[in-house]
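In: structure of the sequence below:
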Amino acid sequence: MAVITISRHFGAGATTLGSRIAKRLGYKYLNDELIKEVAKHVGVSVKDISNVERRKPSKLVKFLEKIISTDAIERGRRRKQLDMDEYVKAIKEVILKLYEEGNVVIIGRGSNYILQGKEDVIHVLVVASKRRRLHFLMDTYGLTKSQAERAIQRADVIRSEFLYYFSNRENHDNPLIYTLCINMDYVTMEQAEDIIIKLVQRTE
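Out: Numbering: from 1, shown residues only. Next up is the predicted model:
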């Protein structure tokens, strides 16, 4: 009944890694789907959540609009006002519910903070140099170098602003708050996958 949270530098390959791990273990995989779960939990659409995130200081809305279609949420759902505090509260409730269910890989969304200190949780931080991140985005998604650079810059700001709602620490990459830190400059995707799988097996 393990739970794996994966925090990451955008472009380090963590979403690919998380998907591979979930498939290999037969776990539920939550990345973009987590936002849909939150929307269902509070009875709003992804667009409603986006409206909340348009309010400063969060810029996460621009990122969400690119990765999630509002059509993915059932039309006709009741609409209500939702503020950032309610949104963060909903994320915490959904992630805690997923923790109780177990056997899940959760990408980001402050999950490492929400589940800090919980039993049977492995917190992974996936990092990489900017050069490695650029090449990964260019090779995987066909971005130009300038597009990849802009994506990294935007995502880093978004991550920092969003995680502030869960912790006011300045360094969200502090290795002491993670079970395992993986530098993808020196580890292949296959090796990273094997390392995490073995760690999960040791906790079972």
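In: burial measure for residue 145, as a count.
Out: 11 (other C-beta atoms under 10 Å). No exception for glycine: its C-beta is placed from N, CA and C like everyone else's.
In: residue contacts, it?
Out: 134, 138 (C-beta atoms under 8 Å, 6 or more residues apart in numbering).
In: how far away is it from residue 138?
Out: 6 Å (C-beta to C-beta, to the nearest Å).
In: could you do residue 156 as well?
Out: In terms of C-beta to C-beta, residue 156 sits 17 Å off from residue 138.
In: got it, and residue 5?
Out: Relative to residue 138, and taking C-beta to C-beta, residue 5 is found at 27 Å.
In: and what of residue 198?
Out: Distance from residue 198 to residue 138, by C-beta to C-beta: 31 Å.
In: how about the residue nearest to residue 184 when sequence neighbours are not counted, phi and psi?
Out: Using C-beta to C-beta, 6 or more residues apart in numbering and skipping residues adjacent in sequence, the residue nearest residue 184 is residue 128, 4.1 Å away. Backbone torsions of residue 128, given as degrees, to the nearest 10, read phi -170, psi 160.
In: try the one 10 residues further on
Out: Note on residue 138: backbone dihedrals following degrees, to the nearest 10 are phi -70, psi -40.
In: find the nearest non-adjacent residue to residue 120, please.
Out: Excluding the flanking residues, the one nearest residue 120 by C-beta to C-beta, 6+ apart is residue 2, at 5.2 Å.
In: same question, residue 110
Out: Distances taken as C-beta to C-beta, 6+ apart place residue 166 nearest to residue 110, at 3.8 Å, with adjacent residues excluded.
In: okay then, goodbye and thanks.
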